[in-house]
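> model this:
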Amino acid sequence: MVLLVMLSGALYGTYFSVMRGSEVARERTEPLRDARAALDLLRRELAAVNFASNNKRLYFVVEDRDIFGKPASILDFTAFTAPKSGSVPSSDVMAVRYKPVERQEQTMILSRQTEDLYLDSKPLPYPLTEQIQGFLVECYDGNQWVKSWDTTLNAGLPKAVRVTLLVQGSDKPVGFTAIVVPRLAGT
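Okay, the predicted model is just below:
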């Protein structure tokens, strides 16, 4: 009987230790999954950037900003997308905005807002990630990486776009970077 009590106590303790460890691992990897999913979406949308210098409705703008001393770039652009199915009218071009948003206690999240370029609707931005440490967008002009870009001033798209998303690691921020070459780069 004593052996059975000791065995069940050991199993009970082991089970809850494993469950506690699993929960801690899940909490630590969630921001990393968010960052990976956000970068994947950004990569696909940036590859589909739509710009023509003779159409004022099409644009690509990167603003260099910071929040609490951390990079907080704002990225605005138009891109091709699959039209929505169903009876709702839609086009195949959307306006996209990625913007870090301040939260309490000097934290920020990355929000995303999209709208159909040719319909009069004003969608609300929604959070794309949980807490982030920084969001940096840089554009390659053929010679160097710059932190600001505006197609009205630069007369075309950058040759490449580098996006870095910083999330809190176990002891310091960890950066995830994607480099995207817009399919219409240089036009």
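
> where exactly do the helices run in the chain?
In the chain, the helices defined using DSSP state H lie at 2-47, 151-154.

> Low-confidence stretches in this protein?
Regions of the chain meeting the criterion pLDDT under 70 cover residues 16, 22, 25-29, 83-90, 185-187.

> Tell me which residue is most central in it.
Using C-alpha atoms, centre = their mean, the residue of the chain that lies closest to the mean C-alpha position is Ala38, 3.8 Å off.

> Quick check, that one in contact with Thr129.
Yes. The pair Ala38 / Thr129 is scored as a contact, 5.2 Å apart, by C-beta atoms under 8 Å. To be clear about C-beta, it is placed using only N, CA and C from the backbone, and glycine gets the same treatment.

> quick one: common contacting residues for those two?
Taking C-beta atoms under 8 Å, 6 or more residues apart in numbering as the contact criterion, the common neighbours of Ala38 and Thr129 are 110, 165.

> Tell me which residues of stretch 106-125 come out buried.
107-114, 116-117 (16 or more other C-beta atoms under 10 Å).

> Also stretch 170-185?
Residues of stretch 170-185 classed as buried: 178, 180, 182, 184-185 (neighbour count, 16+ other C-beta under 10 Å).

> again, but for stretch 156-165
Buried residues in stretch 156-165, counting neighbours by 16+ other C-beta under 10 Å, are found at 157-158, 160-161, 163-165.

> hang on, the earlier thing: need the buried residues of stretch 106-125 in TSV (columns: distance to Arg97).
Output for the buried residues of stretch 106-125, formatted as TSV (distance: C-beta to C-beta, whole Å):
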residue	distance to Arg97
Thr107	20
Met108	15
Ile109	14
Leu110	11
Ser111	8
Arg112	7
Gln113	4
Thr114	8
Asp116	13
Leu117	12
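
> of these, closest to Lys172?
Thr107 (15.8 Å; C-beta to C-beta).

> these two touch, right, that closest one and Gln131?
Yes. Counting by C-beta under 8 Å, Thr107 sits close enough to Gln131 to count as a contact (5.0 Å).

> how about stretch 52-65: buried residues?
For stretch 52-65, a neighbour-count test (16+ other C-beta under 10 Å) marks 58-62, 65 as buried.

> Which ones among the residues you listed lie within strands?
Counting by DSSP state E, the members of the buried residues of stretch 52-65 that fall within strands are 60-62.
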